[in-house]
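Asks: any chance you could fold what I've pasted below:
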Amino acid sequence: MTPSTFITFFHDALSAYNKMCEPILHEFDIPQVSFDILMFLKNNPDLCTAQQISEFRNIKKNLVSVHVDKLVAAGYLQRGTVAGDRRKILLSCTEKAKPILKAGLKMQQDFNQKLILNIPKEYMSIYKEIIDSMAANARQMMNE
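Replies: I've put the predicted structure just below:
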């Protein structure tokens, strides 16, 4: 696989994911970035600050800030503080966000199933090992 093919795969996969998000975005009348923030918090409960969202989702800090403010105002997110560090703001999804999160988790499951469609079951353990190895290699490259 050439670097170009690899980049094209990630571009196509992200485009397909975003396309699968569209019905949810329309149903709940929220923008893609807001949806991405909610799903990130749901899928990564230990990564719950705006800075972590910005870093891990590669969304500009000011854009995260604007969407967090809108999500809080709409009642989908709440802010909390950390004892001993009142500057650190923790974000969490509210009860009102549950229908969006439920639809989002179902969509993510469907996306994953469609992405691995036609990969023989006997290859799935190899696929997982390859993905895990590539993730470890990427983390190592970032630390070099």
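
Asks: so what's the gap between the helix of greatest length in the chain and the chain middle?
Replies: Counting residues, the longest helix in the chain under DSSP state H turns out to be helix 3-28. Mean-position distance between helix 3-28 and its chain equals 12 Å (Cα atoms, centre = their mean, to the nearest Å).

Asks: pull the number of nearby residues for Met142.
Replies: Look at Met142: counted by other Cβ atoms under 10 Å, it has 7 neighbours. From N, CA and C alone the C-beta is placed, and that goes for glycine too.

Asks: before we move on, the earlier item: for the longest helix of the chain, name the packing helices and strands.
Replies: helix 32-43, helix 98-115 (3 or more Cβ pairs under 8 Å, 6 or more residues apart in numbering; DSSP states H and E).

Asks: got a pLDDT number for Arg86?
Replies: Arg86 carries a pLDDT score of 76 in this model.

Asks: okay if I get the helices and strands packed on helix 3-28 as JSON lines plus mean neighbour count and distance to Asn18?
Replies: As requested, these are exported to JSON lines (neighbours: other Cβ atoms under 10 Å; distance: least, Cβ to Cβ, whole Å):
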{"stretch": "helix 32-43", "mean neighbour count": "20", "distance to Asn18": "6"}
{"stretch": "helix 98-115", "mean neighbour count": "14", "distance to Asn18": "10"}
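
Asks: the longest helix of the chain versus helix 98-115: what angle between them?
Replies: Relative orientation of helix 3-28 versus helix 98-115 (axes from the mean of the first three to the mean of the last three Cα atoms, to 10 degrees): 150 degrees.

Asks: helix 32-43 and helix 3-28, what's the angle between them?
Replies: Computed by the same axes, to 10 degrees, the angle between helix 3-28 and helix 32-43 is 90 degrees.

Asks: buried ones in the helix or strand bottoming out on mean pLDDT in the chain?
Replies: None of the helices or strands of the chain scores lower by mean pLDDT, DSSP states H and E than strand 85-93, at a mean of 88. The neighbour-count check on strand 85-93 (16 or more other Cβ atoms under 10 Å) flags 91, 93 as buried.

Asks: circling back: for Met1, find the nearest of the helices and strands packed on helix 3-28.
Replies: With Cβ to Cβ as the measure, helix 98-115 is the member of these nearest Met1 (16.2 Å).
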